[in-house]
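Participant: When you get a sec, could you give me coordinates for this:
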Amino acid sequence: MKKTRVLKTVIIICLILLAAAGIVSGIYLKQQWDRTTYFENTVINGFNASEKTPKEMLTLLTKEYSAPKVQIMEKEEEAMSSSLQELGYELDGMALLRELESSLQQQKSSIPTLIDSLMNGNSFRVTVSFTYNEATFMEKVKSANLKAARVSSADAQMLYDEAAKNYYIQPEVNGNEMEDSDLQSLVREQVDTLVSARDPQQDLAVEIPESIYLAPAVTQDDVELNNLCNIYNQYDKAQITYDFGEQKEVLDWSTIQNWLSIEDGNATLNEQAIYEYVEQIAAKYNTIYYERTFKTSLDTTVTIPGKLNEYGYLVDQDGEFSQLLSDIKGNTEVEREPVYSYSGYKRNGTDDLAGTYVEVNLTTQHLWFYINGMLIVESDLVSGNVAKNTQTQTGVFPLAYKESPAVLTGNNAENGWSTDVTYWMPFFDGQGLHDATWRQSFGGNIYQTGGSHGCVNLPFDTAKKIYDNIDSGVAIILYQ
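Facilitator: Have a look, this model is predicted:
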């Protein structure tokens, strides 16, 4: 009986202890169920969360995940350094806090889970996401904000060297300008990779590749550019200086360049344009067979019809075209007169007399001889006989030649004659200037009935003065 009482007492004591333990355990579990911090040995995304609240973990994770700096590197130098926030990336705290609070609730989602969490702790993986502000990113990430100044690329180009008188190719310039959109795409891709990583990352270095720069469209090796340069250098030194007395006409590369056509690497000269240029020269400087206006020594003006103007210059257009084409292809400097079909004695631009001519006024029966604008001699004369219809021909003619002495003859069915003169200077169809020593007087109206066979009769001294100073080709101007 005594043993039975002892056993009952032990059993009662054990039940009392068990009841007390249950009460204590229940109180403890209730305390753990209500706690607002993570249990011991709790790890979140690799960080110790023991005894920390979700908000405390939010602060910790926000700091760690937002810590990386983004460097933009250009040619191994830092061009820009920015935080994620400066680039428009903000950690989504509300979303992260919800996940952290959910993790805390998972630790005590059931009594067994709670007990397991108490005994063994937990390891959680939460998603850390970022929001993105595109406007902020695009304003920050652009080439103008990089440290190095932007230099534009420039195409290789053909330039002219005035000193060397030839063309050369100036190499291209490889600048560092870029499209902002290309830079933004490069940085955005790598930053997105950074912020989407499950674990916090180190600082990010984004290297700008050479391929991002805006390259020149034309380089110094460009086949077309080099071909053009070579072609231009085949013609650019050609300079044809036309002499029109003191006046010059210069044809150079500035005009010749416009006559070049280049196709498939081959150059062709526009021969039609060259011929038209020759026509323009001829139209400007031709004087023979054109109507001539002449200011006389008596300060009057006479007009000589083109059909009577046999003195002057006439450009041989076909001959000049061939010569000009050859000169251009020769690519050298040439100074010359145009190729003439007819050439006068002297000219100064469009003035084909240049102050040197013999002027004969058949009305006043007077003559003047000028050289370079200076009066050499003037004199009365006797011209062709009006009564006998052997008048002296009016017009402008070059002196054919001069001869001393000379025998003048005239033969026809009715009359034949022969006269010796000392100075003979013919200008038109047997007519000429000569001395007439058989005459006692000159001028007046002698020519009306006692004139010559058509020649201009002069006093001996006058004829000599003219003969001694005149050359073949000098203009003889005769008018009424």
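Participant: so where's the protein uncertain?
Facilitator: When residues are selected by pLDDT under 70, those of the chain lie in 1-32, 34, 411-415.
Participant: how does it divide into domains?
Facilitator: For the chain, automatic domain parsing gives the domain ranges 34-140+179-211, 234-287+307-342, 357-479.
Participant: So for Asp351, which of the ones you listed sits nearest?
Facilitator: Nearest to Asp351 among the domains of the chain is domain 234-287+307-342 (7.7 Å), distances taken as CB to CB. For every residue, glycine as well, the C-beta is placed using N, CA and C.
Participant: Which residues does stretch 425-433 contact?
Facilitator: If you take CB atoms under 8 Å, 6 or more residues apart in numbering as the criterion, stretch 425-433 is touched by 310, 358, 384, 392-393, 395, 397-403, 410, 423-424, 434, 454-456, 458, 463, 466-467, 470, 476.
Participant: Among these, name the ones in strands.
Facilitator: 358, 395, 397-398, 410, 424, 434, 456, 458, 476 (DSSP state E).
Participant: Buried among those residues? Make that a ChimeraX selection.
Facilitator: Selection of buried members from the ones in strands among the contacts of stretch 425-433 for ChimeraX, criterion 16 or more other CB atoms under 10 Å:
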select :358,395,397,398,424,434,456,458,476
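Participant: can you confirm Leu408 is in a helix?
Facilitator: No. Looking at Leu408 with DSSP: H, G, I helix; E, B strand; the rest coil, it is strand, so not inside a helix.
Participant: Count the neighbours of it for me.
Facilitator: A total of 17 residues lie near Leu408 under the criterion other CB atoms under 10 Å.
Participant: separation between it and Val382?
Facilitator: The gap separating Leu408 from Val382 is 14 Å, by CB to CB, to the nearest Å.
Participant: now swap in Lys284 and tell me
Facilitator: Applying CB to CB to Lys284 and Val382 gives a distance of 40 Å.
Participant: Those two - which one has more neighbours?
Facilitator: The residue with more neighbours, out of Lys284 and Val382, is Val382; 24 against 12, by other CB under 10 Å.
Participant: Who does the more buried one form a beta bridge with?
Facilitator: Listed beta-bridge partners, Val382: Asn457 (assigned using DSSP bridges).
Participant: ok, it - contacts?
Facilitator: 365, 436, 439, 442-443, 446-447, 450-452, 456-457.
Participant: Going by distance to Asn372, which of the residues you listed wins?
Facilitator: Val456 (22.4 Å).
Participant: Contact partners for that closest one?
Facilitator: Val456 touches 360, 367, 381-383, 392, 431-434, 478, counting by CB under 8 Å, 6+ apart.
Participant: one step back: tell me which entries of the contacts of Val382 lie within helices.
Facilitator: If you go by DSSP state H, those have 446-447, 450 in helices.
Participant: Separate out the buried members of these.
Facilitator: Buried among the ones in helices among the contacts of Val382 (16+ other CB under 10 Å): 446-447.
Participant: which among the ones in helices among the contacts of Val382 gets closest to Phe294?
Facilitator: Nearest member of the ones in helices among the contacts of Val382 to Phe294, counting by CB to CB, is Tyr447, at 21.1 Å.
Participant: Next up, the contacts around the closest one.
Facilitator: 362, 365, 382-386.
Participant: Among these, which one has the most neighbours?
Facilitator: Neighbour max across the contacts of Tyr447 (other CB under 10 Å) = Ser383, 27 neighbours.
Participant: Excluding sequence neighbours, find me the nearest residue to Ala436.
Facilitator: Distances taken as CB to CB, 6 or more residues apart in numbering place Asn457 nearest to Ala436, at 3.5 Å, with adjacent residues excluded.
Participant: Check the gap between the one you found and Gly265 for me.
Facilitator: Going from Asn457 to Gly265 by CB to CB gives 72 Å.
Participant: neighbour-wise, which of the two wins?
Facilitator: Shown here are Asn457 and Gly265; by other CB under 10 Å, Asn457 has more neighbours (27 against 12).
Participant: Looks like the more buried one contacts Thr437 (just checking).
Facilitator: No. Taking CB atoms under 8 Å as the definition, Asn457 is not a contact partner of Thr437, at 9.7 Å.
Participant: Can you give me the end-to-end span of stretch 446-463?
Facilitator: Terminal residues of stretch 446-463 lie 18 Å apart, using CA to CA, to the nearest Å.
Participant: ok so, going back, and the ones in strands among the contacts of stretch 425-433 as JSON lines, adding distance to Ser254?
Facilitator: Output for the ones in strands among the contacts of stretch 425-433, formatted as JSON lines (distance: CB to CB, whole Å):
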{"residue": "Val358", "distance to Ser254": "42"}
{"residue": "Gly395", "distance to Ser254": "41"}
{"residue": "Phe397", "distance to Ser254": "40"}
{"residue": "Pro398", "distance to Ser254": "37"}
{"residue": "Gly410", "distance to Ser254": "59"}
{"residue": "Trp424", "distance to Ser254": "51"}
{"residue": "His434", "distance to Ser254": "53"}
{"residue": "Val456", "distance to Ser254": "50"}
{"residue": "Leu458", "distance to Ser254": "52"}
{"residue": "Ile476", "distance to Ser254": "41"}
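Participant: Understood, closing this out.
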